[in-house]
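Novice: No letters, just coordinates:
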C-alpha cells in the first residue's frame with residue numbers, strides 16, 4: 001500500500017492526532033448506528049406492545065361477553081348482540097378520538113362487528129387470506145390506513161365459542177414510530193457529536209502533553225549546538241532517558257575528538273613555526289641587504305600561509321559553526337579601541353547593535369575583523385565607520401573608510417591571494433583573501449563595494465548562533 005507523500009510528511013503530533021480523530025469518528029458512527037438500531041427496535045416494540053394490549057383487551061371482551069340482559073351503549077355496527085355489547089366500552093385513549101389515527105376493528109365470519117370510535121364509518125381493508133403465522137398477534141404488510149396514510153398494523157385471529165372465528169386488527173400511525181425516533185435520534189446525534197469533539201480535544205491535549213518531553217529534548221540539543229550548554233540537561237521520562245544518555249555520550253565523544261584534533265593542530269603549528277623562526281633569524285644575519293629583505297619576505301609569506309592552512313584545519317576540526325557563540329559587538333568594540341591606540345590619525349566611528357552572537361570561533365572573528373579594520377585604516381583619509389546589525393539569520397559587520405576606494409576590476413583583483421595594488425605599502429596581499437576564505441568556511445561571505453563615505457565598504461556576513469537567531 002502506497003502512502004501519499006502529504007501523509008508521509010506529517011509530523012508525529014499530527015499523525016497521532018489524525019489517527020486518533022479517525023478512530024473516534026469511526027467509533028462515534030458505529031455507536032450512533034447501534035444506538036439508532038436499538039432505539040428503533042425499542043420504539044417499534046412499544047407501539048406494537050400497545051397495539052397488542054388493545055388486541056388482548058378485545059379478545060378478553062369477546063371471550064367473556066356481558067349478560068344478554070344488559071342494555072347497549074353507543075352506536076355499534078350490526079352483529080350478534082352479545083359481541084356488539086362486549087365491544088361497546090373497549091375504546092380508550094387514543095382509540096376513542098373521533099377521526100383519530102389509532103384504530104381497531106373486529107371481524108367475525110367476515111362481517112365487521114366492532115370498530116374504534118376513531119374509525120367512524122370507515123374500515124380497515126386487509127387481505128382476505130392473511131398468512132397464518134400463529135402464536136398471537138403479528139404484523140401485517142399493510143402500508144396504508146383507511147385514508148391512505150402510512151400505518152403500522154397488527155392482527156390476530158381468535159376462535160370463539162360455537163365454532164366462530166374472529167379477526168382483530170389494531171393500527172397505529174407510522175409517525176408514532178418515526179416522530180419519537182427522530183427526536184431521540186437528534187438528541188443522541190448531538191450528544192455523540194459533542195462527545196466526539198470532547199474526545200478529539202482531549203486526545204490533542206494528551207498528544208501535546210505526551211510529546212512535550214521531545215520538545216524539551218530538542219530545545220536542550222539546540223542549547224548544546226549554540227554553545228550555551230556542554231550536555232543535554234534535564235529530567236526526562238523513562239523512555240527518553242536512554243536517548244539522553246546516548247546523546248550525551250555522542251557529545252562527549254565529539255568533544256574528545258575535537259580536543260585531540262586541536263592537539264594535533266597545535267603540535268603541527270609548533271613544529272612548523274620553530275623552523276620558520278629559525279629561518280627568519282638566519283635571514284636577519286645575512287650580510288646582503290637585498291637578499292636579507294627577500295628571505296624575510298619569503299619567511300613572512302610562508303608564516304602567513306602556514307597560519308592560514310592551520311586555521312582551516314582547526315575550523316574543520318571544529319565542525320564549522322556548530323557550538324560556537326561569539327559576541328560580535330564586543331569584539332568589534334575591542335578591536336576599534338586597539339586600532340585607535342596604535343593609529344590616532346584615523347577616527348573609528350562605531351555603531352554596534354548589542355546581542356548579536358555569531359557562530360564563529362573568537363580567534364577567527366578577531367582575525368577577520370582585524371584584517372578589514374587594518375586595511376580600512378591604512379587607506380582611509382581620516383575616518384573609518386564600523387557598524388553591526390542583523391540581517392535575517394546573519395550578523396553583518398560593515399567597515400567603510402573615506403579613502404580613494406576601489407573600482408570593480410580592482411575589487412576582483414584584491415580578493416585574489418598575493419595580489420597587491422600598491423607595492424609601496426607594507427603587506428603581502430593575503431589579508432582580504434584570507435578573510436573571505438575564513439568567512440566562507442563558516443558559511444558567511446565577504447563583499448566589497450563603494451562606500452557612501454567615499455572609500456571602500458567591506459560587508460562581512462556571518463551566521464548567527466542558534467541562541468541569538470530570531
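Specialist: Arrived safely, thanks for sending. Computed from a predicted structure; not experimentally measured. Residues are numbered from 1 along each chain as shown.

Novice: Going along the chain, name the helices of the stretch 201-350 of the chain.
Specialist: For the stretch 201-350 of the chain, the helices defined by DSSP state H, counting those that start in this stretch occupy 241-284, 289-318, 328-342.

Novice: any idea which of the ones you listed is most buried?
Specialist: helix 328-342 (a mean of 17; mean count of other Cβ atoms under 10 Å). C-beta coordinates here come from the backbone N, C-alpha and C atoms, glycine included.

Novice: what's that helix in contact with?
Specialist: 346-348, 350, 352-358, 362, 365-366, 369-370, 373-374, 377, 384, 386, 388, 395, 397, 462 (Cβ atoms under 8 Å, 6 or more residues apart in numbering).

Novice: Can I get the buried part of those as one PyMOL selection?
Specialist: This is the PyMOL syntax for the buried subset of those, where burial follows 16 or more other Cβ atoms under 10 Å:
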select buried, resi 346+348+350+352+356+357+358+365+366+369+370+373+374+377+384+386+388+395+397+462
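
Novice: Including distance to residue 177, could the helices of the stretch 201-350 of the chain go into JSON lines?
Specialist: Below are these laid out as JSON lines (distance: least, Cβ to Cβ, whole Å):
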{"stretch": "helix 241-284", "distance to residue 177": "60"}
{"stretch": "helix 289-318", "distance to residue 177": "81"}
{"stretch": "helix 328-342", "distance to residue 177": "80"}
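
Novice: mean pLDDT for those: which is lowest?
Specialist: For those, mean pLDDT drops lowest on helix 289-318, to a mean of 69.

Novice: Give me the domain ranges for this structure.
Specialist: 15-178, 242-318, 326-463 (automatic domain parsing).

Novice: so which of those domains comes closest to residue 233?
Specialist: Nearest to residue 233 among the domains of the chain is domain 242-318 (9.0 Å), distances taken as Cβ to Cβ.

Novice: and the closest one, how far out from the chain's middle?
Specialist: In terms of Cα atoms, centre = their mean, to the nearest Å, the centre of domain 242-318 is set 49 Å apart from its chain centre.

Novice: what's the average pLDDT for the one helix or strand residue 197 maps to?
Specialist: Element membership for residue 197 (DSSP states H and E) is helix 175-225. In this model, helix 175-225 carries a mean pLDDT of 86.

Novice: From the contact counts, what lies against it?
Specialist: helix 12-63, helix 241-284 (3 or more Cβ pairs under 8 Å, 6 or more residues apart in numbering; DSSP states H and E).

Novice: out of those helices, nearest to residue 157?
Specialist: Across the helices and strands packed on helix 175-225, residue 157 has its closest neighbour in helix 12-63 (9.9 Å, Cβ to Cβ).

Novice: And that closest one, what does it pack against?
Specialist: helix 81-86, strand 103-108, strand 151-159, strand 165-173, helix 175-225.

Novice: Can you pull out the low-pLDDT segments for the stretch 301-450 of the chain?
Specialist: Scanning the stretch 301-450 of the chain for pLDDT under 70 picks out 304-305, 308-324, 416-430.

Novice: what do you get if the cut-off is 80, keeping everything else the same?
Specialist: 301-325, 339-344, 409, 411-431 (pLDDT under 80).

Novice: all strands of it, in order?
Specialist: 326-327, 347-351, 357-358, 383-391, 394-401, 445-450 (DSSP state E, counting those that start in this stretch).

Novice: The last one: what's the following helix or strand?
Specialist: Using DSSP H and E, the helix or strand that follows strand 445-450 towards the C-terminus is strand 456-463.

Novice: Can you give the strand pairings for that next one, parallel or anti for each?
Specialist: Strand 456-463 has its sheet partners listed here by DSSP bridges as strand 394-401 (antiparallel), strand 445-450 (antiparallel).

Novice: So what's the residue count around the nearest residue to residue 404 once chain neighbours are set aside?
Specialist: Nearest non-adjacent residue to residue 404, counting by Cβ to Cβ, 6 or more residues apart in numbering: residue 455, 6.5 Å away. By other Cβ atoms under 10 Å, 21 other residues sit near residue 455.

Novice: wait, isn't residue 455 in contact with residue 402?
Specialist: Yes - if you go by Cβ atoms under 8 Å, residue 455 and residue 402 touch, sitting 5.1 Å apart.

Novice: So for the two, which residues contact both of them?
Specialist: Shared contacts of residue 455 and residue 402, counting by Cβ under 8 Å, 6+ apart, come down to 380-381.

Novice: And for the closest residue to residue 159 other than its chain neighbours, the neighbour number?
Specialist: Counting by Cβ to Cβ, 6+ apart, the nearest residue to residue 159 once its immediate chain neighbours are dropped is residue 165, at 5.9 Å. Residue 165: 12 surrounding residues under other Cβ under 10 Å.

Novice: wait, doesn't residue 165 sit right on residue 113?
Specialist: No - look at residue 165 against residue 113 with Cβ under 8 Å: they stay out of range, at 12.0 Å.

Novice: shared neighbours, the two?
Specialist: By Cβ under 8 Å, 6+ apart, no residue touches both residue 165 and residue 113.

Novice: Roughly how far does the residue nearest to residue 167 when sequence neighbours are not counted sit from residue 172?
Specialist: Nearest non-adjacent residue to residue 167, counting by Cβ to Cβ, 6+ apart: residue 107, 4.4 Å away. Between residue 107 and residue 172 the computed distance is 19 Å (Cβ to Cβ, to the nearest Å).

Novice: Comparing the two, which shows the higher neighbour count?
Specialist: Taking other Cβ under 10 Å, residue 107 and residue 172 do not tie; residue 172 has more neighbours (24 against 20).

Novice: Go ahead and confirm that one touches residue 50.
Specialist: Yes - assessed by Cβ under 8 Å, residue 172 is found in contact with residue 50 at 7.0 Å.

Novice: coming back round to it: mind checking how far the residue nearest to residue 159 is from residue 119?
Specialist: To residue 119, residue 165 is 21 Å away according to Cβ to Cβ.

Novice: Angles on the backbone of residue 99, please.
Specialist: Residue 99 adopts backbone torsions of phi 60, psi 30, taken as degrees, to the nearest 10.

Novice: give the contact list for it.
Specialist: Contacts of residue 99 (Cβ under 8 Å, 6+ apart): 118, 120.

Novice: residues touching residue 432, list them.
Specialist: Taking Cβ under 8 Å, 6+ apart, one finds 371-372, 375, 414-415, 446, 448, 458 in contact with residue 432.
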